[in-house]
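Asks: I'd like to go over a predicted model; first the sequence, then the structure.
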Amino acid sequence: MARETWGSRIGFVAAAIGSAVGLGNIWMFPMRAGLYGGAAFLIPYLIVLFAIGVVGLTVELTLGRATRGGPIEAFAKTLPGGKYLGILVNAIMVMIFAFYSLVLGWILRYFIASLTGELTGVNPGAFFDSLAFSKEALLWQFIMIVMTVAIVAMGVQKGIKRANKIMMPALFVLLVVLAIRSVTLPNAYEGLKFYLLPDWSKLMSGKTWIVALSQMFFSLSVLGTTMVVYGSYLKEEDDIPLSAIATAFGDTAVAVTAGFLVFPAVFSFGLEPTAGPGLVFVTLPMVFQKMPGGAFFGALFFLLLIFAGLSSTVSMLEVYVDSAITKLNMSRRNASILLGLLTFLVGAPSTVNPSYFDWLINISTVYIGPLGALIAALALIKLGVDRAYEELKKGALIEVSELWKPWVKYLYPIVIAVIYVSQFLLG
Ligand code: PFF
Ligand code: NA
């Protein structure tokens, strides 16, 4: 059977941006920017985005298109033991989807609680504590997995592309509405100061650059998985360099705008910004309780997170569904259902043991995840940078410098190896 293709340029770009834009943009980026130099953080971030991130996207999309396959196929065709490396990154993808879907389940619960007005009458901290690792959370996680399965089961064009073409514009509108609401609140200025006031001294610290790099890899979904599969559905006339730039630009625009949504609102009501779950599930709900029309804006906010998250989980599940279709001859429908269930089972122990949840996150995003990007880079190098460069140029409107070749062969893998090691050294 012929491999499916995206069928339209804009559809592919929507799907790639959909994969990139996720929880990483809304609850990780603003906080990290606030802590690592405010507006000054944009300098290291934009430098690594263009020097490394856009290149990483071109590497993975090109590898997928050249080998016509997801990671197992792409690595098996290029690297010794590549098949097993491919299986490894598929396993990592399962782990990422497993913890990510639990968080998305919480978001769905909060969305419903905002719609029904329940969220206005509770203490958000207590509400979160009784939900986070409860049996009930399993139900919400299950529903988010079912939604992901339903989209992936419909296929690349009818499912993934179509869902993204609806969710991405909606996400953009919600984001802009919420950011405008936030910056027009009284005292919004205090939040803008926290977010943007540049602290140039942070630029001199290695930690800032490492944070920018690892944030950027996760944010662009460059982990040797999703972007390889998404690339494998591209046609020769599709423009990889332009798509990579559009994806990096869209992802960063959402991340930066998310900061305008979060901090002015938090500071306007005299609250302290916190990182991660505390921000989205405790602090912001407090903001929505105090803000006029807060129940409405709260519902919009959680809907925004659902769109952001669902378009990312779709790209995660697609990685191993495609592997099962091509390697195990399963039908797309059966593969989606079975692997969705498998993911649910992998995530489920979190509800009895929250430290298992942390373990899933650490293994998949810190200890092994970044190696996926390195393996994809090595696979492309083994394929031959000259051949890869020719592949990259097919369909490209903009001219890509020949420098791409040494860049991909030396700088790119070295930078990944350096961040991988420094993560442990710098703690
Ligand atoms: N890029 C997504 C985010 O910023 O939330 C997360 C993600 C999606 C990571 C897909 C990895 C992946 F394969
Ligand atoms: Na992202």
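Replies: It's in. Residues are numbered from 1 along each chain as shown. Ligands and ions are numbered 1, 2, ... in the order given.
Asks: and the closest residue to Glu237 other than its chain neighbours, backbone torsions?
Replies: Distances taken as C-beta to C-beta, 6 or more residues apart in numbering put Gly395 closest to Glu237, at 4.4 Å, once the chain neighbours are dropped. Quick note: C-beta positions are derived from backbone N, CA and C, even for glycine. Geometry field for Gly395 lists phi and psi as phi 80, psi 0, criterion degrees, to the nearest 10.
Asks: please name the residues that touch Gly395.
Replies: Shown in contact with Gly395 (C-beta atoms under 8 Å, 6 or more residues apart in numbering): Lys235, Glu236, Glu237, Asp238, Asp239, Ile240.
Asks: counting neighbours, what do you get for whichever residue of the stretch 251-400 of the chain sits closest to ligand 2?
Replies: Closest contact between the stretch 251-400 of the chain and ligand 2, by C-beta to the ion, is at Asp251 (4.8 Å). Here the number of neighbours of Asp251 (other C-beta atoms under 10 Å) works out to 26.
Asks: that one - nearest residue in space that isn't next to it in sequence?
Replies: Here the nearest residue to Asp251 in space, its sequence neighbours aside, is Ala20; by C-beta to C-beta, 6+ apart that works out to 4.0 Å.
Asks: list the buried residues in stretch 303-310.
Replies: Neighbour counts using 16 or more other C-beta atoms under 10 Å place Leu303, Leu304, Leu305, Ile306, Phe307, Ala308, Gly309, Leu310 of stretch 303-310 among the buried residues.
Asks: dump that stretch to PDB, restricted to CA.
Replies: In PDB, the C-alpha atoms belonging to stretch 303-310 read as follows (Å, rounded to 0.1, in the frame of the first residue of the first chain):
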ATOM      1  CA  LEU A 303     -10.000  25.100  25.800                       C
ATOM      2  CA  LEU A 304      -6.800  26.700  24.400                       C
ATOM      3  CA  LEU A 305      -4.700  24.200  26.400                       C
ATOM      4  CA  ILE A 306      -6.800  21.300  25.100                       C
ATOM      5  CA  PHE A 307      -6.200  22.300  21.500                       C
ATOM      6  CA  ALA A 308      -2.500  22.800  22.100                       C
ATOM      7  CA  GLY A 309      -2.200  19.500  23.900                       C
ATOM      8  CA  LEU A 310      -4.300  17.400  21.700                       C
END
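Asks: what does it contact?
Replies: Outside of stretch 303-310, the residues that reach it under the criterion C-beta under 8 Å, 6+ apart are 21-23, 25-26, 100, 103-104, 107-108, 111, 144, 147-148, 151, 163, 167-168, 170-171, 174-175, 178, 254, 280.
Asks: that stretch close to ligand 2?
Replies: No: residues of stretch 303-310 contacting ligand 2 under C-beta under 5 Å from the ion: none, with a closest distance of 8.3 Å.
Asks: and the residue of the stretch 251-400 of the chain closest to ligand 2, how far from Val149?
Replies: When distances are taken as C-beta to C-beta, to the nearest Å, Asp251 and Val149 turn out to be 25 Å apart.
Asks: equivalent analysis for Glu118, please.
Replies: Using C-beta to C-beta, one obtains 28 Å as the distance from Glu118 to Val149.
Asks: ditto for Gly384
Replies: Counting by C-beta to C-beta, the separation of Gly384 from Val149 is 38 Å.
Asks: who has more neighbours out of the two?
Replies: Of the pair Gly384 and Val149, Val149 is the one with more neighbours under other C-beta under 10 Å, namely 25 against 15.
Asks: mind listing what that one touches?
Replies: Contacts of Val149 (C-beta under 8 Å, 6+ apart): Leu317, Ser336, Ile337, Gly340.
Asks: which stretches of the stretch 101-250 of the chain form strands?
Replies: In the stretch 101-250 of the chain, no segments count as strands under DSSP state E, counting those that start in this stretch.
Asks: check the burial of the residue of the chain at minimum distance from ligand 2 by counting its neighbours.
Replies: Using C-beta to the ion, Ser219 is the residue of the chain that sits closest to ligand 2, at 3.3 Å. Close neighbours of Ser219, defined as other C-beta under 10 Å, add up to 24.
Asks: repeat that for the one 10 residues further on.
Replies: Around Val229 sit 27 other residues, with neighbours defined as other C-beta under 10 Å.
Asks: relative to Leu57, how far out is it?
Replies: Computed with C-beta to C-beta, the distance linking Val229 and Leu57 is 13 Å.
Asks: element containing Lys382?
Replies: Assigned by DSSP states H and E, Lys382 belongs to helix 369-383.
Asks: briefly note if that helix comes near ligand 1.
Replies: No: in terms of C-beta under 6 Å from any ligand atom, no part of helix 369-383 sits within range of ligand 1; the closest distance is 7.8 Å.
Asks: tell me the contacts of Gly69?
Replies: Taking C-beta under 8 Å, 6+ apart, we find Gly69 in contact with Lys77, Val228, Ser232, Thr326.
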